[in-house]
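Colleague: Got a predicted structure here, sequence first:
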Amino acid sequence: MLTIKRYVRAQSLDEAYTLCQKRANVVLGGMLWLKTQNRTVDTAIDLCDLGLSNIEETPDAFRIGAMVTLRELEQHPGLAALTGGAMAESVRSIVGVQFRNLATVGGSLYGRFGFSDVLTLFLALDAVVELHHGGAVPLADYAARPYERDILTHVVVPKQPGRVAYLAQRNVSTDFPVLTCAVAVRQDGVRCAVGARPMKAKLYEGDAALLAGGITPESAAAFAEQVTSEVSFGSNLRAGADYRRAICKVLVRRALLACKEDA
């Protein structure tokens, strides 16, 4: 059972940051995974009054507040256009609409959960997180860091020309994924993120030379084979490492083929 001794709606980021430095305090997001834990929290810090619930569009990027819900990501027309529908696809199977109306972007990225669909896609999109104390940090670097007591305020997704695809394998619809895969084909190369390994998602660039002649069934299969050889897999109750390795080749290949100009 979760026990909260004190609840505070922070009135500034400085206040929230100061409060979260104490180990027994915790920042609330949508409070969905938190409430399943058996723990006592001294102070629960709510960020809902800090203006972090907006998606701002500039000529160069989308700046997404930490308190934006997954449902808002799913329904945002600008993000749908930028990702070719991959944004909605990445959250579509996360439990249900009621859950996605509460779960936040900040909670999903700060948690860096191994099963996170959201982390997988944002890695492929070359996203940058903004931390109150730590400043702007590429998500790929942030995901590799140990947990730190900072406030994640925004995630910035650059507007880059190209095509994006997201795929995941689940044993049952709305269950945690067995494996997640996001591919972004850009002018400067291909970014491929693989998650739910069952470890947290990681970015792989692969060998761009394999796609020098364009994306074909053969080149996509070769690229998928090469990326899979770089990925480390583990086993848990949902799948074994060998199964994940076999699925990875399939998902990467399919995602690449979905990014073909004529797909």
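Modeller: Looks like it came in fine. Residues are numbered from 1 along each chain as shown.

Colleague: For the stretch 101-250 of the chain, just list every one of the strands.
Modeller: 128-131, 135-138, 152-158, 162-169, 179-186, 189-195, 202-204 (DSSP state E, counting those that start in this stretch).

Colleague: quick one: contacts for the nearest residue to Phe115 once chain neighbours are set aside?
Modeller: Nearest residue to Phe115 in three dimensions, chain neighbours excluded: Phe176, at 4.3 Å (C-beta to C-beta, 6 or more residues apart in numbering). Every residue, glycine included, has its C-beta placed from N, CA and C. Phe176 makes contact with 115, 170, 196, 238 under the criterion C-beta atoms under 8 Å, 6 or more residues apart in numbering.

Colleague: Counting neighbours, which of those comes out on top?
Modeller: Within the contacts of Phe176, neighbour counts (other C-beta atoms under 10 Å) peak at Ala196, which reaches 29 neighbours.

Colleague: That one reaches Val178, doesn't it?
Modeller: Yes: using C-beta atoms under 8 Å, Ala196 is in contact with Val178, at 6.4 Å.

Colleague: I'd like to know how far Ala61 sits from Leu82.
Modeller: Counting by C-beta to C-beta, to the nearest Å, the separation of Ala61 from Leu82 is 10 Å.

Colleague: of these two, who's got more company?
Modeller: The residue with more neighbours, out of Ala61 and Leu82, is Leu82; 22 against 16, by other C-beta under 10 Å.

Colleague: Now do the same contact list for Asn101.
Modeller: 69, 71.

Colleague: Which parts of the stretch 151-263 of the chain are helices?
Modeller: Taking DSSP state H, counting those that start in this stretch as the test, the helices found in the stretch 151-263 of the chain are 217-230, 241-258.

Colleague: which stretches of the chain have low pLDDT?
Modeller: The model of the chain has pLDDT under 70 over residues 261-263.

Colleague: So which residue is dead centre in it?
Modeller: The centroid of the chain falls nearest to Leu119 when counting by C-alpha atoms, centre = their mean (1.5 Å).

Colleague: Kindly provide the distance from that residue to Arg100.
Modeller: Leu119 is 15 Å from Arg100, by C-beta to C-beta.

Colleague: repeat for Tyr243
Modeller: 28 Å.

Colleague: Also Ala241?
Modeller: Counting by C-beta to C-beta, the gap from Ala241 to Arg100 is 30 Å.

Colleague: Between those two, point out the one with more neighbours.
Modeller: More neighbours surround Arg100 than the other of Ala241 and Arg100, with 21 against 14 (other C-beta under 10 Å).

Colleague: tally of neighbours for the closest residue to Trp33 other than its chain neighbours?
Modeller: In this structure, Trp33 finds its nearest non-sequential neighbour in Gly111, 7.1 Å apart by C-beta to C-beta, 6+ apart. If you count neighbours by other C-beta under 10 Å, Gly111 ends up with 18.

Colleague: and Gly111, how far is that from Pro217?
Modeller: 37 Å.

Colleague: now swap in Cys181 and tell me
Modeller: Remark: distance between Cys181 and Pro217 (C-beta to C-beta) = 17 Å.
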